[in-house]
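In: Give me a model of this one.
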Amino acid sequence: MALDFTVVIQVRQRFGDRDADDLGQETEAPFVGQQKDFSFRCPSVDSGQQAILLFQCQGANVQQSLKINGQEIFGNIPASVEQKPFPFLQPNDVVISVPNAQWNGNIMIIHPGVLQENNVLRIKAGEIGDSGNIDNFIIDNLVVVFKTRRSSGTVGGG
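Out: Model (predicted):
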């Protein structure tokens, strides 16, 4: 079976409520708000087969919502913030940890029946606990790798 891929996001996208307190997170990425839909095509996709979703994420404090064609992608966007102790602590100081926004590479399985030729990917930033604060994070380099249907009647594998 042949493989193909579609680049869905090739420019960093910043989600959230634009709080300025996300330490270590890029602020130059275009801000899109709490939610955005991305339309993309998968020409000749074999929708009965699994596919792979690849992407990078920076600064997600909690798991974020990720759906394709209304179907939740198992695992969603995992948290990508590492808590690090504040540097320069003295022996009797109270330990304070600060968020350190990490870039994580993610690989997700798209289950059979989810992808079609025309698709919509929806990313939605979630609330951090019951704080009323919407998490801020960045998504970049999102690619879908999928199997294609066999061509019938072509010579040379077409």
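In: Quick one: mean pLDDT over stretch 32-50.
Out: Here stretch 32-50 scores 96 as its mean pLDDT.
In: Let me fix that, I meant to ask about stretch 57-65.
Out: 85.
In: Could you check how far it is from the centre of its chain?
Out: Relative to its parent chain, stretch 57-65 has a centroid offset of 8 Å by C-alpha atoms, centre = their mean, to the nearest Å.
In: Now do the buried residues in that stretch.
Out: For stretch 57-65, burial by neighbour count (16 or more other C-beta atoms under 10 Å) applies to Cys57, Gln58, Gly59, Ala60, Asn61, Val62, Gln64. (Glycine included, C-beta is placed from N, CA and C.)
In: so which of those residues comes closest to Arg149?
Out: For those, the minimum distance to Arg149 (C-beta to C-beta) is 31.2 Å, reached by Cys57.
In: Now that closest one: phi and psi?
Out: Torsion angles at Cys57 (phi, psi; degrees, to the nearest 10) stand at phi -140, psi 140.
In: Offset the numbering so it begins at 43, please.
Out: Right, with 43 as the first residue, what we last looked at is Cys99.
In: what ranges of the chain fall below the confidence cut-off?
Out: Applying pLDDT under 70 to the chain flags residues 61-67, 123-142, 193-200.
In: hmm, 90 instead?
Out: For the chain, the stretches with pLDDT under 90 are 43, 58-73, 100-107, 116-146, 168-179, 192-200.
In: for it, what's the longest strand?
Out: For the chain, the strand reaching the highest residue count under DSSP state E is reported as strand 179-189.
In: which of the buried residues of stretch 99-107 sit farthest apart?
Out: Gln100 and Val104, at 14.0 Å, using C-beta to C-beta across these.
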